[in-house]
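Asks: below are the sequence and a predicted model for it; my questions follow.
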Amino acid sequence: MQTLRNVLFVPHGAPTFALQPGAAGAAMTQLAQSFAAPRAIVVVSPHWETAVPTVGTGTQLETIYDFGGFDPRLYELRYPATGCPEAAQQVVAALQTHGFAVQQDPQRGLDHGAWIPLRQMFPEADIPVVPLSVQTHLGPEHAYRIGQALADLAEQHFLIVGSGNVTHNLRDYMSVRMAGGQTPDYVQNFADWVHQHMVAKDVPALLNYRRASASGARAHPSEDHLLPLFTALGAAGASAQAEAFYRGVSDYVIAMDGYAFH
């Protein structure tokens, strides 16, 4: 039986995913049961963007509702996870050891890119969480190197979770919804391209996806939602084999593919 690395890339979809998790949510719940209780979860969400890598070091993590105009029930949900300053300092040290300038934020809570998937996988909120920001302006190679810096923590019973989406073009979502709801071909085509190169361990092509694929730039007008995939890829290590634990499309244009690593 193959052993799972303590590294995941999970989808968080639209905020409504918290109320309607469907098949993707069920797959995430089942996958979480494959892991022994980790010491702490390091969660990388595209909804926390900073100039330099920043680690949340707080003990009480607020549930952040960084969205508007959705079902009122969403704003009643809570994910009362606690932080762990000691574990957070290990994350800080790991990044610094690999040459990154790091900042700390003792007030940062969990945005919806963090709490929605964690609530689906670990509903009891009984595992400490350490949020880690992304640097969209620094691109895929930077995100990958961040993951490499976290790889040793995966060996120390930390669970590294990159949260994002394999496709994420909200302008297309609005256009498709107004036009009657037909998923553009590029959504599945790009998700298939990512899957092919993930399974083949073709890291150079993945990091160069905007040029190497036919529709990477359209799938991600901004790179933020794909960067956590590269962080997970770096944390998993060069020898790890990626496996999709779920593949599918939600809300017309959001590929909800998720990956575990053996």
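Replies: All right, it came through fine. Residues are numbered from 1 along each chain as shown.
Asks: for the residue nearest to the spatial centre of the chain, give me its contacts.
Replies: Of all residues in the chain, the one closest to the mean position by Cα atoms, centre = their mean is Ser163, 1.2 Å from it. For Ser163, the contact set (Cβ atoms under 8 Å, 6 or more residues apart in numbering) comprises Phe9, Val10, Pro11, His12, Val43, Val44, Ser45, Pro46, Gly113, Ala114, Pro117, Pro228. C-betas here are computed from N, CA, C, even on glycine.
Asks: backbone phi and psi for it, please?
Replies: phi -120, psi 130 (degrees, to the nearest 10).
Asks: distance of it relative to Pro21?
Replies: Distance from Ser163 to Pro21, counting by Cβ to Cβ, to the nearest Å: 14 Å.
Asks: so what's the residue count around Gly109?
Replies: Each residue near Gly109 was counted by other Cβ atoms under 10 Å, and the total is 21.
Asks: and the average pLDDT for stretch 158-175 is what?
Replies: If you average the pLDDT over stretch 158-175, you get 94.
Asks: start and end of that stretch, how far apart?
Replies: End-to-end distance of stretch 158-175 (Cα to Cα, to the nearest Å): 41 Å.
Asks: centre of the chain to that stretch, how far?
Replies: Taking Cα atoms, centre = their mean, to the nearest Å, the mean C-alpha location of stretch 158-175 is offset from the chain mean by 8 Å.
Asks: buried residues, it. List them.
Replies: 158-169, 172 (16 or more other Cβ atoms under 10 Å).
Asks: phi first, then psi, for Thr97.
Replies: Note on Thr97: its backbone torsions stand at phi -60, psi -30 [degrees, to the nearest 10].
Asks: contacting residues around it?
Replies: Applying Cβ under 8 Å, 6+ apart to Thr97 gives the contacts Ala149.
Asks: can you give me the pLDDT of it?
Replies: Among the per-residue scores, Thr97 shows a pLDDT of 98.
Asks: next one: it from Asp152, what distance?
Replies: 9 Å.
Asks: and what of Ala236?
Replies: Counting by Cβ to Cβ, the gap from Ala236 to Asp152 is 12 Å.
Asks: of these two, who's got more company?
Replies: Between Ala236 and Asp152, counted using other Cβ under 10 Å, Ala236 has the larger neighbour count: 28 against 15.
Asks: gap between the more buried one and Leu95?
Replies: From Ala236 to Leu95 the distance is 17 Å (Cβ to Cβ).
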